[in-house]
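J.: Model the structure of this input:
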Amino acid sequence: MDPVGVLRQIALQLERAGAPTYRVRAFRRAAAVIAALPADELARRVRDATLTELPGIGATTAGVVTDAVAGREPAYLTEVTTRGAPDLPDGGELLRALRGDCHTHSDYSDGGSSIEEMALAARELGHEYLVLTDHSPRLTVARGLSAERLRGQLEVIAELNPTLAPLRVLTGIEVDILPDGTLDQDPELLAELDVVVASVHSQLRMPEPEMTRRMLTAVADPRVNILGHCTGRLVKGRGRPQSRFDATAVFSACRDNDVAVEINSRPERLDPPRRLLRLARELGCRFAIDSDAHAPGQLGWLPYGCARATECGVRPADVVNTLPADELVAWASGH
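T.: I've put the predicted structure just below:
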């Protein structure tokens with residue numbers, strides 16, 4: 001067994017199950033240390049039981065590496081894989097039909113891992129593609145990307161993609177919908193991206209008529225492909241009520257402009273609520289079932305969105321990320 005792959009897999013499983021960040025980082029740090037070792041040194045340290053002399057390698061991670069090198073499945077991997085996420089649903093036909101994830105974040109904005117780490121995790125999950133959608137500049141709390149930083153990210157993705165086959169990282173952004181409905185990024189740069197997710201992050205309690213106009217303006221912009229977490233609600237912790245807008249008008253505009261309504265799979269969002277999700281389906285909208293992952297293990301949250309979509313009558317043919325990568329990009333650029 002590949003010890004680096006095993007350590008990363010344990011980190012993913014821990015993250016998916018909501019384990020403390022320090023524990024997840026311990027396995028990722030150990031993976032990086034082992035990956036940097038020459039093969040002969042790794043074999044020698046396993047033989048001499050000196051792995052724990054390396055910085056970042058403790059007794060638990062050393063045991064995992066020793067078992068993996070010996071070809072045994074480490075007991076720790078078996079345990080975390082069996083435990084899983086306590087309430088993670090099956091996901092069913094929709095989950096099996098998904099080819100990728102259209103809303104993810106890296107450490108370029110408020111994610112916790114590099115683009116490569118996110119991509120490797122997506123590849124391990126069997127994704128064909130991962131759309132990287134870090135935040136836009138005005139969301140300073142999330143280290144939103146200026147046009148210059150976004151262009152730099154595009155260069156990194158272009159250099160990284162040849163090393164990731166068969167996975168492909170698609171270029172994108174989660175662009176902020178400003179109070180007047182315009183988009184928080186240079187229009188020409190948005191037009192260069194594969195997929196654009198547009199979301200409201202500020203003034204969420206705006207009166208209903210103003211919020212409706214704001215969202216209608218954004219949805220009508222030909223550069224917008226997906227309307228992200230449309231109500232902005234949070235259902236865990238202190239929570240946050242959903243924004244008020246004319247859902248029939250907004251979802252009808254999504255249908256007419258061929259903008260997909262996001263089914264956000266984050267457990268604290270689960271947005272839109274079922275009532276609005278059913279309304280969007282009845283109006284004939286397309287959907288994107290996304291993880292909104294800010295860490296590699298969170299890419300495994302897609303079953304939450306798939307289960308809710310199935311309950312509300314959404315079919316695989318209604319979901320844009322059941323398309324192969326080239327067809328998804330062609331659909332998005334067709335706007």
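J.: what is the rounded mean pLDDT of stretch 244-253?
T.: For stretch 244-253, mean pLDDT is 98.
J.: quick one: contacts of that stretch?
T.: For stretch 244-253, the external contacting residues (CB atoms under 8 Å, 6 or more residues apart in numbering) are 207-208, 211-212, 215-216, 219-220, 227, 230, 259, 261, 276, 279-280, 283, 285. Glycine gets a C-beta too; all of them are placed from N, C-alpha and C.
J.: Could you pull out the helices in the stretch 1-150 of the chain for me?
T.: 3-16, 21-35, 39-48, 59-69, 75-83, 92-97, 115-124, 147-160 (DSSP state H, counting those that start in this stretch).
J.: which regions of this protein lie under the pLDDT threshold?
T.: Scanning the chain for pLDDT under 70 picks out the ranges 84-86.
J.: how about the closest residue to residue 9 other than its chain neighbours, what does it touch?
T.: Using CB to CB, 6 or more residues apart in numbering and skipping the chain neighbours, the partner closest in space to residue 9 is residue 77 (6.4 Å). Going by CB under 8 Å, 6+ apart, residue 77 touches 6, 9, 10, 13, 64.
J.: Residue 156: which of these is nearest?
T.: Residue 156 lies nearest to residue 9 out of these, by CB to CB, at 24.6 Å.
J.: That closest one and residue 123 touch, don't they?
T.: No: using CB atoms under 8 Å, residue 9 is not in contact with residue 123; the gap is 11.9 Å.
J.: Distance of the spatially closest residue to residue 120 that is not a sequence neighbour relative to residue 239?
T.: Among residues not flanking residue 120 along the chain, residue 8 sits closest, at 6.9 Å (CB to CB, 6+ apart). Taking CB to CB, to the nearest Å as the measure, residue 8 falls 33 Å from residue 239.
J.: Among those two, which residue is more densely surrounded?
T.: residue 8 (22 against 9; other CB atoms under 10 Å).
J.: Just give me the longest strand of this protein.
T.: Determined from DSSP state E, the single longest strand within the chain is strand 168-176.
J.: That one - contacts with which helices or strands?
T.: strand 100-104, strand 129-132, helix 147-160, helix 187-192, strand 195-199, helix 325-333 (3 or more CB pairs under 8 Å, 6 or more residues apart in numbering; DSSP states H and E).
J.: Taking helix 115-124 as reference, get the angle to it.
T.: Between strand 168-176 and helix 115-124, the angle comes out at 120 degrees (axes from the mean of the first three to the mean of the last three CA atoms, to 10 degrees).
J.: Now strand 168-176 - C-alpha only, PDB.
T.: Output of strand 168-176 as PDB, limited to C-alpha atoms (Å, rounded to 0.1, in the frame of the first residue of the first chain):
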ATOM      1  CA  ARG A 168      -9.200  18.100 -14.700                       C
ATOM      2  CA  VAL A 169      -9.400  21.300 -12.700                       C
ATOM      3  CA  LEU A 170     -11.700  23.800 -14.400                       C
ATOM      4  CA  THR A 171     -11.300  27.500 -13.900                       C
ATOM      5  CA  GLY A 172     -14.000  29.400 -12.100                       C
ATOM      6  CA  ILE A 173     -15.000  31.900  -9.400                       C
ATOM      7  CA  GLU A 174     -17.700  32.400  -6.800                       C
ATOM      8  CA  VAL A 175     -18.300  36.000  -7.700                       C
ATOM      9  CA  ASP A 176     -20.100  38.300  -5.200                       C
END
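J.: picking up where we left off before, and residue 174, which of the helices of the stretch 1-150 of the chain is closest to it?
T.: helix 147-160 (11.5 Å).
J.: If you count contacts, what does that closest one end up packed against?
T.: Counting by 3+ CB pairs under 8 Å, 6+ apart, helix 147-160 packs on helix 115-124, strand 168-176, helix 187-192.
J.: got those as a markdown table, with mean neighbour count and distance to residue 314 columns?
T.: Below are those laid out as a markdown table (neighbours: other CB atoms under 10 Å; distance: least, CB to CB, whole Å):
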| stretch | mean neighbour count | distance to residue 314 |
| --- | --- | --- |
| helix 115-124 | 22 | 22 |
| strand 168-176 | 25 | 22 |
| helix 187-192 | 14 | 27 |
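J.: which one of the contacts of residue 77 sits closest to residue 203?
T.: Using CB to CB, residue 13 comes nearest to residue 203 of these, at 38.3 Å.
J.: contacting residues for the closest one?
T.: Contacts of residue 13 (CB under 8 Å, 6+ apart): 77, 80, 81, 83, 84, 297.
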